[in-house]
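> Sequence first, then the predicted structure:
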Amino acid sequence: MGGLFGSTTISTTDTRINSMRIQQSAYGLCQPLVYGKTRVAANMFWYGDFTATPHTTVQKSGGKGGGTKTSNTTFSYSASLMLGLCENQIKKIGLIWVDKEQYVPKQEGSIILDPIDQLKFELFDGNNNPPWGWLVSKHPEQAINYPYLGYVAVANYEMGNSASLSNHNFEVISTITLSDTIDDANPADVIEDFITHPRHGAAPNLNIADLEEFRTYCRAANLLISPAFTEQRPAYETINEIVEAVNCAVVPSPDGLKIRSFGDSAITGNSVTFTPDLTPVYHLTDDDFIGDDEPVRVRRSRDTDAYNHVQIEYINRYNQYNTETTEAKDQANIEMFGLRTEDPVECHYFCEPKIARHAAQLRLQRLLYVRNEYEFNLGWKYCRLEPMDILTLTESGLGLDKFPVRITRIEEDESGMLTVTAEELSIGSRSAIEYDSQASNGYQG
């Protein structure tokens, strides 16, 4: 029978897609600012050369002189791409993630191939980029150089049998890092660039006073960060959040913006030593305070706000930058007064577990041990006082005798009278030992 009717051919062909599928939720997003070393999602801003390549397979079934031949045609797709990473300059690309697959440095013979080379991406670091050579030769009318954008480009990138680009994430190492061997950044360098950079700065003309105290403290205490600013928000919120997390405070001053440290103990680390200046600028007595009824008013934070268990949410570099939580507890206080847990505080600019743990310990001590506030009024002759200045208070009604305090806020009324708020200065409460934290498993290159 097979010889009478011959063989039968059944052909199937997948639907051919003629253009690239783009996720509208991601296409055209703004480019983030990246400092230190962290993971960012790529944002495609150009594509071309979309190609569908057919692949036909044939299978035979049945006996001699007949049977069935099945032909199946599928398509694979490729395109040339430009993927934006950040608005500021890039030093290097580290790891790369394509969906759930992680690319790490790989040795081939005597050569170590970085992930960017394995995937054949070309890096444009944002330092006055030239136009991409592929565009110049193939699409000269579209060959824009994007001089200050950090991005990668690739020609004829294989996308498999999907006409949409997989999720691509890149470990971006900024030019702003602590050193050639430490890829996290000093918060002082981050904030200075974030505010004053002539192109992407929030306030390029803002006068910033000397940041050396802030810079030295963060370096010595190893309170280093790697933020990626990916969403629009008021700049002052970002600055205050970072400054508070690293145990410092922003000080508006006639001399310009200052950032000063709460650190109250000498610290040595990363080749520098921070020595706090704990010298009082004034010794105030009853003769200096304005108001006879209550020259110095004392307020104490509520017991419910004196948390003995704090948590910081950070992204763990050693676990593919997944979100994790670290904690700090005061066990003695818990046993005496019961557990009081603060809701987790989001600090996604910390990428090292031990740095996040250190910041959590400092936060715990601030909330638990610095609880008394002192408010008093002073005359105009003390107008040079600034927040973070240290004073001593001598006041007979409260039994204070050269009691040290640190100014946290100053308000001036229409007549020039100053209302000063200060916190108790308990030496040692604003410093902590850096604890090592066990890193999660993962590539640590």
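Nice, thanks for sending it over. Residues are numbered from 1 along each chain as shown.
> Identify the spatial nearest neighbour of residue 348, chain neighbours not counted.
Spatial nearest neighbour of residue 348, excluding adjacent residues (Cβ to Cβ, 6 or more residues apart in numbering): residue 315 at 5.2 Å. Yep, even glycine has a C-beta here, placed from its N, CA and C like the rest.
> Now do the SS call for that neighbour.
strand (DSSP: H, G, I helix; E, B strand; the rest coil).
> Contacts only, for it.
By Cβ atoms under 8 Å, 6 or more residues apart in numbering, the contact list for residue 315 reads 38, 39, 321, 322, 323, 324, 348, 350, 351.
> wait, the third one sits on residue 352?
So that's residue 321. No - assessed by Cβ atoms under 8 Å, residue 321 is found out of contact with residue 352, at 11.5 Å.
> thought residue 274 was touching residue 215?
No - in this structure, residue 274 is not within contact of residue 215 by Cβ under 8 Å, at 9.6 Å.
> Can you tell me which of the contacts of residue 315 are buried?
Buried by 16 or more other Cβ atoms under 10 Å: 38, 39, 321, 324, 348, 350, 351, out of the contacts of residue 315.
> Between these, which sits nearest residue 289?
Nearest to residue 289 among the buried ones among the contacts of residue 315 is residue 350, at 41.7 Å by Cβ to Cβ.
> what secondary structure does that closest one sit in?
When the rule is three-state DSSP, residue 350 gets the label coil.
> same thing with the one 10 residues further on?
Classification of residue 360 by three-state DSSP places it in helix.
> Skip the chain neighbours and tell me the closest residue to it.
Nearest one to residue 360, counting by Cβ to Cβ, 6+ apart, is residue 328 at 4.0 Å.
> Assess the claim that that neighbour and residue 356 are in contact.
No - the criterion here is Cβ under 8 Å, and residue 328 misses it with residue 356 at 9.9 Å.
> Comparing the two, which residue is more hemmed in?
Per other Cβ atoms under 10 Å, whichever of residue 328 and residue 356 has more neighbours is residue 356, with 27 against 24.
> isn't there a helix covering that one?
Yes - Residue 356 forms part of a helix when assessed by three-state DSSP.
> Show the model's pLDDT score for it.
Looking at residue 356, its pLDDT stands at 98.
> how about it, what does it touch?
Residues in contact with residue 356, defined by Cβ under 8 Å, 6+ apart, are 312, 314, 326, 347, 350, 437.
> Pull the contacting residues for the fifth one.
Going back to what we said before, that points to residue 350. 225, 226, 245, 312, 314, 315, 356, 359.
> Does the residue nearest to residue 360 lie in a helix or a strand, and which?
Taking DSSP states H and E as the criterion, residue 328 maps to strand 322-329.
> so how far is residue 109 from the spatially most central residue of the chain?
For the chain, the residue nearest the mean C-alpha position is residue 227 (1.6 Å; Cα atoms, centre = their mean). The gap separating residue 227 from residue 109 is 38 Å, by Cβ to Cβ, to the nearest Å.
> try residue 284
Counting by Cβ to Cβ - residue 284 and residue 109 are separated by 73 Å.
> Looking at these two, which one has more neighbours?
Neighbours were tallied for residue 284 and for residue 109 using other Cβ under 10 Å; the higher tally belongs to residue 284 (24 against 6).
> Go ahead and confirm the more buried one touches residue 392.
Yes - using Cβ under 8 Å, residue 284 is in contact with residue 392, at 6.8 Å.
> how deep is the spatially closest residue to residue 421 that is not a sequence neighbour tucked in, by neighbour count?
Distances taken as Cβ to Cβ, 6+ apart put residue 409 closest to residue 421, at 4.2 Å, once the chain neighbours are dropped. Neighbours of residue 409 under the rule other Cβ under 10 Å: 12.
> Against residue 385, how distant is residue 409?
Using Cβ to Cβ, residue 409 is found at 11 Å from residue 385.
> So for the two, which residues contact both of them?
Jointly contacting residue 409 and residue 385 under the rule Cβ under 8 Å, 6+ apart are residue 420.
> related to what we said a few turns ago, can you tell me the SS state at the residue nearest to residue 421?
Applying three-state DSSP: residue 409 is strand.
> Now for it: which residues touch it?
Going by Cβ under 8 Å, 6+ apart, the list of residues near residue 409 reads 387, 420, 421.
> Secondary structure class of residue 72, three-state.
Assignment for residue 72 (three-state DSSP): strand.
> Dig out what it forms beta bridges with.
residue 12, residue 57 (DSSP bridges).
> So it sits against residue 56, correct?
Yes - Residue 72 is in contact with residue 56 according to Cβ under 8 Å; the separation is 7.0 Å.
> Which of the two has more residues huddled nearby?
residue 72 (14 against 10).
> where's residue 207 relative to residue 258, distance?
Distance from residue 207 to residue 258, counting by Cβ to Cβ: 10 Å.
> can you check residue 94 too?
Distance from residue 94 to residue 258, counting by Cβ to Cβ: 35 Å.
> quick revisit: and the buried ones among the contacts of residue 315, which is closest to residue 365?
residue 350 (17.4 Å).
> among the contacts of residue 409, who's most crowded?
Within those, residue 420 tops the neighbour count with 23 neighbours, counted by other Cβ under 10 Å.
> Assumed that residue was part of a helix.
No - under three-state DSSP, residue 420 falls outside any helix and is assigned strand.
> Pretty sure it sits against residue 377.
Yes - using Cβ under 8 Å, residue 420 makes contact with residue 377 at a distance of 7.4 Å.
> re earlier: quick check: next helix or strand after the strand holding residue 328?
helix 331-337.
> buried sites along that next one?
If you call a residue buried by 16+ other Cβ under 10 Å, then helix 331-337 has these buried ones: residue 333.
> what's it packed up against?
With contacts defined as 3 or more Cβ pairs under 8 Å, 6 or more residues apart in numbering; DSSP states H and E, helix 331-337 has no helix or strand neighbours.
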